[in-house]
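Colleague: sharing a model prediction with you, sequence too.
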Amino acid sequence: MDHMEKQTALSIPFTHTAPQEAFRLLELPEELLALLTSDEAPPLYLKSPPPSISAARASSGSSSNQGTDDAFVNLCTDTKTYSLRQVHSSNSIFVLRPSPLLDNSRKEDGGVLETDASDAVTAIALCKSTLELQSVGKGYSALPFLLRNLQVYDMVDIEEDAMDVDTKRQSDLHTAPGTAERRKALDGLFTDIPLSPTECYEAWVDVCGFIDEDRNSGNLVGWRPSAASKLSAWKKLLEGSILQGIDLSKQFLVRDLWNSVVDDSDTSGAKAPFPRSLFYAIVRRLMDDSPSGIKLQVFEGLKWSNLNREITINWVGDVYLEAMAPNPRLAVPEREFLETWRDLIPEKWRIEVTAEKFKDISCQHITSSSICFCPNTGKQGDIKPVKGKMSR
């Protein structure tokens, strides 16, 4: 008869500490874990929107729920944003730490007591919930936050510029803000936007944001041009390129394009019809992103550029409709819109402006022959602009 070997059951002593330590478990997506364990781990940011609504609720005695839009925090890398949520567990989750367990039961010959350390585990914390990270969807944008916080550069500012352009800038006592000051101002704007720096810059370029002085305070603030001011600036840019023979579909010197916009006919000196920073914002919005990422380098000088055909055609159509037909009451005839749209496009691209392009812009048909702007309210939300005064 075969004799079965006796096997000794393996047991690991289990102890716990008192009091327990305070731990929070964080569950990482695989892609983020790979980044953090790489040789060049990126910095991480915990970002949340300003607590204005939460503070108002607190002052009124009401509580703020964790799930509301005004009470949340996101974890961001340089390029991506992850939502952070608390997930409760019905199971007991212990945080364990290996620890030696002393055994004084063995004696050497001669009666000398020997201390033996065997392996054990100690529960140092009990976690009843886990913090879970999930990558936010593409529909989650920094654009609504920017639209709420940026001051609006409107036609009133352009008209004031035409009457009294650069008076302060031409003064010997005034020094234009440098790149470092502008960068600091923009970083301050991005601080309370709960998205990654790259996603903030993408929205900044999309809205044609620029940094300039407030006329009243003299402080550097963030501006976004209204549709009317973008349309006016684009018309001057297009007119200047035609007069100076600059082909916007090919590579051109950005400085030459700016010089074509500036009015140098006045003997008192060249006059800019709008801020140079707005000019660069529009060029950066419409240019080809080549080499990749150059569009987001908003404080780097642009020497050469060329406009992207599709982006430019669609952007001009959107801007014109938003400026001239912002709602159904002000709808314009479709034929009239197409003719004007073509006239606002560089000549080489005008043949591409047809009714087929309506699907690529933000528009809606009010009747079979009239059209108006249709904002993407799901993306931009209910925006109330902050008005201000440019320092010219």
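Modeller: Nice, I can see it.
Colleague: quick one: contacts for the closest residue to Trp304 other than its chain neighbours?
Modeller: Leaving aside its chain neighbours, Trp304 sits nearest to Gln251 (5.3 Å; criterion: CB to CB, 6 or more residues apart in numbering). Just so you know, the C-beta spots here come from the backbone N, C-alpha and C atoms, and that holds for glycine as well. Going by CB atoms under 8 Å, 6 or more residues apart in numbering, Gln251 touches 304-306.
Colleague: show me the shaky parts of this structure.
Modeller: 1-9, 52-70, 101-118, 156-176, 264-270, 377-392 (pLDDT under 70).
Colleague: show me it divided up by domain.
Modeller: 14-135, 143-387 (automatic domain parsing).
Colleague: so how far is the last one from its chain's centroid?
Modeller: Remark: domain 143-387 is offset 17 Å from the chain centroid, using CA atoms, centre = their mean, to the nearest Å.
Colleague: can you flag the buried ones in the contacts of Gln251?
Modeller: Neighbour counting with 16 or more other CB atoms under 10 Å marks 305-306 as buried within these.
Colleague: keep only those of the contacts of Gln251 that are in strands.
Modeller: Per DSSP state E, strands hold the following members of those: 304-305.
Colleague: looking at the contacts of Gln251, which one is closest to Pro197?
Modeller: Pro197 has its nearest neighbour among those in Ser305, at 22.9 Å by CB to CB.
Colleague: what's the distance between the closest residue to Trp223 other than its chain neighbours and Ala228?
Modeller: With sequence-adjacent residues excluded and distances taken as CB to CB, 6+ apart, Trp223 is closest to Tyr153, at 4.6 Å. Computed as CB to CB, to the nearest Å, the Tyr153 to Ala228 distance reads 10 Å.
Colleague: those two: who's more crowded?
Modeller: Tyr153 (29 against 18; other CB atoms under 10 Å).
Colleague: who's in contact with the more buried one?
Modeller: By CB under 8 Å, 6+ apart, the neighbours of Tyr153 are 210, 223-226, 229, 274-275, 278, 390.
Colleague: same thing but 10 Å
Modeller: 161, 208-210, 212, 223-226, 228-230, 233, 274-275, 277-278, 281, 388-390 (CB atoms under 10 Å, 6 or more residues apart in numbering).
Colleague: same question for Leu237.
Modeller: For Leu237, the contacting residues are 246, 248, 257-258, 260-261, 273-274, 279, 282-283, 286, 307, by CB under 10 Å, 6+ apart.
Colleague: ranking the domains of the chain by burial, who's on top?
Modeller: Of all the domains of the chain, domain 143-387 carries the top mean neighbour count, a mean of 16, counting by mean count of other CB atoms under 10 Å.
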